[in-house]
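Student: prediction below, plus the sequence it came from.
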Amino acid sequence: MTPHLTVVNHPLVQHKLTIMRDKNTSTGGFRRLLREISLLLAYEITRELDLTTTTVETPMQQMEAPTLEGKKLALISILRAGNGLMDGILELIPAARVGFVGLYRDPETLRPVQYYAKVPNQLDARMTIVVDPMLATGNSTVAAIDLLKQEGARNIRFLCLLAAPEGVARMREAHPDVPIVTAALDQGLDDHGYILPGLGDAGDRLFGTK
């Protein structure tokens with residue numbers, strides 16, 4: 001564990017992740033568990049949201065009560081598997097502004113190729129949470145965060161379900177200012193850039209494709 005990386009060891013997170021790893025878990029079960037686990041991870045990654053106070057009238061009296069300060073946060077999904085995490089987080093933070101970055105990994109070079117990008121405005125004034133279930137080589141994540149910084153984002157967090165040491169190291173090298181929150185740090189990558197022991201291709205398992 002380093003300040004750059006937070007592994008959420010909450011028992012519910014770990015229990016749900018174990019079921020998701022099981023190759024026999026159905027597409028519907030995988031999708032439901034990803035939404036549930038994203039809620040739990042979102043609690044951790046939003047701990048440092050800025051607060052101010054506002055005056056409210058309770059049934060008993062007037063008081064100064066805490067409320068979120070500043071622009072609504074931005075939630076950026078790295079397509080397509082990031083959408084599975086995003087859906088759960090939006091249940092917790094329904095007012096978040098939403099953006100998408102479309103990247104696919106070249107099977108030969110393992111380098112990311114961008115095919116789509118649409119992000120909220122005024123990223124410089126928003127906490128920006130980037131979501132993708134897997135931090136494997138880290139190349140796609142680095143490319144997405146490169147793009148967001150070019151669009152003005154300064155306060156960026158990355159949330160994933162699983163991380164490989166190689167991806168964490170790549171992120172630390174390229175974006176040491178971007179904290180990572182994950183449910184597990186796995187052992188490493190295979191020759192094709194997949195996380196071991198991992199849970200397979202998160203997008204395929206989420207959407208029932210191969």
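Tutor: Yes, it's here.
Student: A helix includes Ile19, no?
Tutor: Yes - assessed by DSSP: H, G, I helix; E, B strand; the rest coil, Ile19 belongs to a helix.
Student: show me what contacts Tyr116?
Tutor: By C-beta atoms under 8 Å, 6 or more residues apart in numbering, Tyr116 lies in contact with 79, 100-102. Glycine gets a C-beta too; all of them are placed from N, C-alpha and C.
Student: please name the bridge partners of it.
Tutor: Gly102 (DSSP bridges).
Student: how near is it to Gly102?
Tutor: Separation of Tyr116 from Gly102 (C-beta to C-beta, to the nearest Å): 3 Å.
Student: so what sits against both of the two?
Tutor: Counting by C-beta under 8 Å, 6+ apart, the residues touching both Tyr116 and Gly102 are Leu79.
Student: before we move on, the earlier item: quick one, which of the contacts of Tyr116 are buried?
Tutor: For the contacts of Tyr116, a burial check counting by 16 or more other C-beta atoms under 10 Å picks out 79, 100-102.
Student: may I see the buried residues of stretch 143-156?
Tutor: Across stretch 143-156, burial judged by 16+ other C-beta under 10 Å covers 143-145, 147-149, 151, 153, 155-156.
Student: three-state assignment of Thr128?
Tutor: On the three-state scheme (three-state DSSP), Thr128 is labelled strand.
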